[in-house]
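S.K.: Have a look; sequence and predicted model below, questions after that.
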Amino acid sequence: MKMGYRKNILANGLRVVSCRMPQRESFSLGIFIKVGGRYENNRNKGMAHFLEHLLFKGSRNYSCRKIKESIEGVGGSLNGFTSEELTCYLVKMPSIYLEQALNILSDMVIRPELSRVEIRKERTVILEELKMYRDLPQSYVYELLDELLWPNQPLGAPIIGRVDSLLKVDRKGLLSFKHNYYNASNMIISAAGNIDEDELNKGVSKIFSALPKAGENMFIKARDGQSKARVKVFHKETEQTHMALGFKGFRRGHPLRHAVGLLHVILGANMSSRLFNEVREKRGLAYEIGTAVKRFYDTGAFLVHAGIDNRKVPDAISLILKELVKAKESLVKEGEFNRAKEFYIGQLKLGLEDTMEHMLWIGETTATLDKIYSLEEIINEVNRINKEDILKCARFLFKEDNLNLSLIGPLKGAEYKISERLNLS
């Protein structure tokens, strides 16, 4: 294990990773489970997210109220999330409360109540959450884009689930899902901050050693059969048009992962980026404009998102595509290239100063790649990237038969006019 990080593996396969940061007054602790939206099917879509909600509703030793008061009552914070490939339960607390945090999170994960009353109540809450996302075009536009990128497969379906699948969720199904996926071999305990790592490992071993060992959780691999550009327009009377443009990209551990990260910085990660400068600053076509990168085990995506003046949608899309074409036609200039590297590395350094970000960093990389990268390793890898690597990424990504565009706005009858502008040659 690298300097500063410790890793311990229990006999049942559960992994514990930690980073001691003695200069901090806090610690962050997370329990990762290798299960998420892409492990589901049409019948149980939304199960992972539903189960995550319910684990906060009470366990054998802690009521719902006791869970919250035990964390928040000493100045801590408690949360959870479900992504396509992971579920995580996490806390951040003052440094003296490590044992308390571990006891609470572990009881939630191992011995949840999953009462039928709470299931009925939480179903209503999640259905309202689904409606909320549908009412927010800046969120719903990504759901439409995912359906284009990965049609008729788990990655293209919403993590929260659909109304029909949520109505079918019951206690028996939740218990079965938990039994199948919440096993030691697919759990990672991650901690960072002012902690006693020996105490952490001793506590984890005492609590989790009895969990049975099982095989690795499996999902259906992403399929790729795209042969032409795909466009989906959702008509809605909004004050601006919300756009999400996506290109299938690189898996999480791909050799060009840092190169595509630098391309993201160059095109849309900050106010110095090309898209921000050209689309917003010079022409005023959008208020919000940026890029993002998605990475999964076996695939990924490069995204461009924008909130566009309703009257200027075709012009804005043409300008965005023009900037993408530039990125694949010529090498980035030396000054812009160096600034992108400094921003990329600087953002990582700033993030790793926080115990929560550091815990998430080592927990996620252990869960998905079974590896912890040191900051020095990342910096060395980034510094080995050259301008030709970025050009190679742009040429792989920005092709018409890899283009997916979703739009939400008052665009009735605009599909053909927009489709005419989708030129990346």
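M.R.: Alright, I've got the coordinates.

S.K.: now stretch 33-40, how far from the centre of its chain.
M.R.: 12 Å (CA atoms, centre = their mean, to the nearest Å).

S.K.: Show me the beta-bridge partners of residue 90.
M.R.: Here residue 90 shows beta-bridge partners residue 30, residue 79, assigned using DSSP bridges.

S.K.: how close does it sit to residue 178?
M.R.: From residue 90 over to residue 178 the distance is 18 Å, taken as CB to CB, to the nearest Å. C-beta here means a position set from N, CA and C on the backbone, and glycine is covered the same way.

S.K.: again with residue 113
M.R.: For residue 113, the distance to residue 178 (CB to CB) stands at 12 Å.

S.K.: who's more crowded, those two?
M.R.: Legend: neighbour count by other CB atoms under 10 Å for residue 113 and residue 178, higher for residue 178 (21 against 18).

S.K.: my guess is the more buried one contacts residue 51, does it?
M.R.: Yes: between residue 178 and residue 51 there is a contact under CB atoms under 8 Å: 6.1 Å.

S.K.: Quick one: residues contacting the most centrally placed residue in the chain.
M.R.: For the chain, residue 83 is the residue whose C-alpha lies nearest the centre (CA atoms, centre = their mean; 5.6 Å). By CB atoms under 8 Å, 6 or more residues apart in numbering, residue 83 lies in contact with 36-37, 159.

S.K.: just checking, residue 399 touches residue 423?
M.R.: No: using CB under 8 Å, residue 399 is not in contact with residue 423, being 11.3 Å away.

S.K.: Break down this protein into its strands, ranges please.
M.R.: For the chain, the strands defined by DSSP state E occupy 5-9, 15-20, 26-33, 77-82, 87-94, 187-193, 230-235, 240-248, 286-295, 300-309, 403-409.

S.K.: Output the contacting helices and strands for the last one.
M.R.: Helices and strands touching strand 403-409, as assessed by 3 or more CB pairs under 8 Å, 6 or more residues apart in numbering; DSSP states H and E, comprise helix 137-149, strand 230-235, strand 240-248, helix 313-329.

S.K.: Can you tell me which of these is most buried?
M.R.: Stretch with highest mean neighbour count among the helices and strands packed on strand 403-409: strand 240-248 (a mean of 23; mean count of other CB atoms under 10 Å).

S.K.: what angle separates that one from strand 300-309?
M.R.: Going by axes from the mean of the first three to the mean of the last three CA atoms, to 10 degrees, strand 240-248 is angled at 160 degrees with respect to strand 300-309.

S.K.: Now stretch 378-397: buried residues?
M.R.: 378-379, 382, 385, 387, 389-394, 396-397 (16 or more other CB atoms under 10 Å).

S.K.: Please identify which of those residues is nearest to residue 358.
M.R.: residue 378 (13.1 Å; CB to CB).

S.K.: quick one: the closest one and residue 346 touch, right?
M.R.: No: with contact defined as CB under 8 Å, residue 378 does not reach residue 346; the gap is 11.9 Å.

S.K.: Domain map for this protein?
M.R.: 5-208, 230-419 (automatic domain parsing).

S.K.: Pull out the buried residues from the longest helix seen in the chain.
M.R.: If you go by DSSP state H, the chain has its longest helix at helix 116-135. Within helix 116-135, the residues scored as buried using 16+ other CB under 10 Å are 118-119, 122-123, 126, 129-130.

S.K.: Next, the angle helix 137-149 makes with it.
M.R.: Using the same axes, to 10 degrees, helix 116-135 lies at 90 degrees relative to helix 137-149.

S.K.: Helix 116-135 to strand 230-235, inter-axis angle?
M.R.: Relative orientation of helix 116-135 versus strand 230-235 (the same axes, to 10 degrees): 100 degrees.

S.K.: which strands and helices sit next to helix 116-135?
M.R.: helix 47-54, helix 137-149, helix 163-167, helix 171-181.

S.K.: Show residues contacting stretch 363-378.
M.R.: Outside stretch 363-378, the residues that touch it by CB under 8 Å, 6+ apart are 1-5, 7, 15, 17, 30, 32, 34, 85-86, 88, 188, 190, 252-253, 258, 297, 345, 348-349, 352, 362.

S.K.: end-to-end on stretch 109-116?
M.R.: Taking CA to CA, to the nearest Å as the measure, stretch 109-116 stretches 17 Å from start to finish.

S.K.: Provide a list of residues in contact with residue 349.
M.R.: Counted by CB under 8 Å, 6+ apart, residue 349 has contacts residue 375.

S.K.: Let me know the pLDDT of it.
M.R.: On the pLDDT scale, residue 349 is placed at 96.

S.K.: measure it to residue 405 for me?
M.R.: Applying CB to CB, the value for residue 349 to residue 405 is 35 Å.

S.K.: what's the answer for residue 363, then?
M.R.: Residue 363 sits 34 Å away from residue 405, taking CB to CB as the criterion.

S.K.: same check, this time on residue 177
M.R.: Between residue 177 and residue 405 the distance is 35 Å, computed by CB to CB.

S.K.: Neighbour count for these two, which is higher?
M.R.: A direct count of neighbours by other CB under 10 Å for residue 177 and residue 405 places residue 405 higher, at 25 against 19.

S.K.: Hmm, residue 229 and the more buried one touching each other?
M.R.: Yes: between residue 405 and residue 229 there is a contact under CB under 8 Å: 7.2 Å.

S.K.: Identify the contacts common to those two.
M.R.: Jointly contacting residue 405 and residue 229 under the rule CB under 8 Å, 6+ apart are residue 422.

S.K.: give me every residue that touches the closest residue to residue 227 other than its chain neighbours.
M.R.: In this structure, residue 227 finds its nearest non-sequential neighbour in residue 401, 5.6 Å apart by CB to CB, 6 or more residues apart in numbering. By CB under 8 Å, 6+ apart, residue 401 lies in contact with 226-229.

S.K.: Lovely, talk soon.
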